[in-house]
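Novice: Generate coordinates for the sequence data below:
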Amino acid sequence: MDEHNEENIQTETNQPEKMSELTESERQIQEAKEEAQINLAGWQRAVADFENYKKREEAKQQEIMEFAKEVTVVKMLPTLDALHQGLKQAPQNIDENWLKGINGTVAKLDKVLEEMGVKRIEAIGKQFDPNFHEAIREVEGDKDGVVIEELQTGFELNGKVIRPSQVIISKK
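Specialist: Sure thing, here's the model as predicted:
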C-alpha cells in the first residue's frame, strides 16, 4: 500500500504543476489569439489603405486624361475655326471636288470631337447666358438679351464650357 499511497501523493503533487502548465498554455494561447487579432486588424487596415490608394490613383489618372483631352481640344479649335471660315469665304468658281474634300475633312473633325464628348453651344436665338456666351457687341432689336449673331462657336466638353460662344446680342 505504500507504493499506492506514494503514487497518489506524486499524482497529487503533479496536479498543481499540470494546472499551472495548463493555465500557462491557456495564457499563451490567449496571447497568441490577441496577437493574431492585432495582426489581422493591421492587415485589414493595410488592405483598406491600399484599396483607397488605388481609387485615388485611378481618379488622379482620370483627371489627368480629362485635362489632356481638354488641352488637345482647345488647341484644335482654332484650326477648325479657320477651316469653317475658309469654307464661308470660298469663291463661287472654286473646284467642287476641292470644296467637298474640305467639307469632308471638317465633318471628320466634328465627328472626332463629338466622340470625345465635345458639343457645340447653341447660341443664335437663345437668351444671352454669361455661362455660355461672351457678348462682343449689342445691337438694336425686338427683345433684350437675345443672341442674334454668333461670331465664334462655343464648345462644351463633358458638360464643362471650354470656350464660350462670342455673340452679338439684341438690346431693346
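
Novice: All the helices of the chain, in order from the start?
Specialist: Using DSSP state H, the helices found in the chain span residues 2-88, 96-115.

Novice: looking at those helices, which is closest to Lys160?
Specialist: helix 2-88 (7.8 Å; Cβ to Cβ). For glycine as for every other residue, the C-beta is placed from the backbone atoms N, C-alpha and C.

Novice: among the helices of the chain, where is the model least confident on average?
Specialist: Mean pLDDT across the helices of the chain is lowest at helix 2-88; the value there is a mean of 84.

Novice: Helix 96-115 and that one, what's the angle between them?
Specialist: 150 degrees (axes from the mean of the first three to the mean of the last three Cα atoms, to 10 degrees).

Novice: ok so, going back, so can I have CSV of the helices of the chain showing mean neighbour count and distance to Gly159?
Specialist: Below are the helices of the chain laid out as CSV (neighbours: other Cβ atoms under 10 Å; distance: least, Cβ to Cβ, whole Å):
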stretch, mean neighbour count, distance to Gly159
helix 2-88, 11, 11
helix 96-115, 12, 14
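
Novice: Nearest to Val146, out of the ones you listed?
Specialist: It's helix 2-88; of the helices of the chain, that one is closest to Val146 (Cβ to Cβ) at 22.9 Å.

Novice: Which other helices and strands does that closest one contact?
Specialist: Judged by 3 or more Cβ pairs under 8 Å, 6 or more residues apart in numbering; DSSP states H and E, the packing partners of helix 2-88 are helix 96-115, strand 154-157, strand 160-163.

Novice: Can I get the last one in CSV? Just the C-alpha atoms.
Specialist: Extracted C-alpha coordinates of strand 160-163, given in CSV (Å, rounded to 0.1, in the frame of the first residue of the first chain):
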residue,chain,number,x,y,z
LYS,A,160,-17.9,72.0,-69.0
VAL,A,161,-17.6,75.1,-71.1
ILE,A,162,-14.1,75.1,-72.6
ARG,A,163,-14.8,78.1,-74.9
